[in-house]
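Peer 1: sequence and predicted structure, then a few things I'm wondering about:
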Amino acid sequence: MRRASSALRGANCCAPGPADVPRYKAEIHVTLKRTVNDPQGLTIKGGLHSLGYAGVDAVRAGKYIEVWLDAPDEADAASQVDAMCDQLLANPVIEDYRFSVADGERRKESSHGTRDV
């Protein structure tokens with residue numbers, strides 16, 4: 001924990017990067033390993049069954065994280081995101097993660113209950 005907290009206190013952690021460095025958007029999915037019991041997934045499955053969705057066989061719950069970062073190229077951005085996941089975003093003992101990296105620009109997003117369909 002000490003390693004992560006000292007990294008988070010970095011002076012330039014939130015400063016925008018140089019204008020000529022490309023910006024990338026990483027979409028990260030963190031889930032419990034298949035061998036780890038998922039009580040949240042079991043609860044969701046039970047709720048779906050009680051709502052009449054009897055065909056639901058299994059549910060695994062997890063986290064979705066978006067990270068915008070400046071990097072010289074996509075390979076470097078992917079390497080940075082992989083390190084972020086290993087060091088902070090996922091617990092390697094009980095969680096797996098997968099991610100994608102693509103060109104992206106920071107967009108204004110609402111947190112007022114909107115959803116994509």
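Peer 2: Great, that's in hand. Residues are numbered from 1 along each chain as shown.

Peer 1: ok, the residue minimising distance to the centre of the chain - contacts?
Peer 2: Centroid-nearest residue in the chain: I65, 2.6 Å away (criterion: C-alpha atoms, centre = their mean). Counting by C-beta atoms under 8 Å, 6 or more residues apart in numbering, I65 touches 27-28, 30, 89. C-beta: built from backbone N, CA, C; applies to glycine.

Peer 1: could you confirm Q80 falls within a helix?
Peer 2: Yes - under DSSP: H, G, I helix; E, B strand; the rest coil, Q80 sits within a helix.

Peer 1: so which of the contacts of I65 is the most crowded?
Peer 2: Within the contacts of I65, I28 tops the neighbour count with 21 neighbours, counted by other C-beta atoms under 10 Å.

Peer 1: just the element for that one, please.
Peer 2: Secondary structure from DSSP states H and E places I28 in strand 23-32.

Peer 1: what about that strand, distance to the chain center?
Peer 2: For strand 23-32, the separation from the chain centroid amounts to 4 Å (computed by C-alpha atoms, centre = their mean, to the nearest Å).

Peer 1: what's the answer for stretch 97-105, then?
Peer 2: For stretch 97-105, the separation from the chain centroid amounts to 10 Å (computed by C-alpha atoms, centre = their mean).

Peer 1: just checking: what are the partner strands of the strand holding I28?
Peer 2: Paired strands of strand 23-32, with direction, are strand 62-70 (antiparallel), strand 95-103 (antiparallel) (DSSP bridges).

Peer 1: for the first one, buried residues please.
Peer 2: For strand 62-70, the neighbour count (16 or more other C-beta atoms under 10 Å) marks 62, 65, 67, 69-70 as buried.
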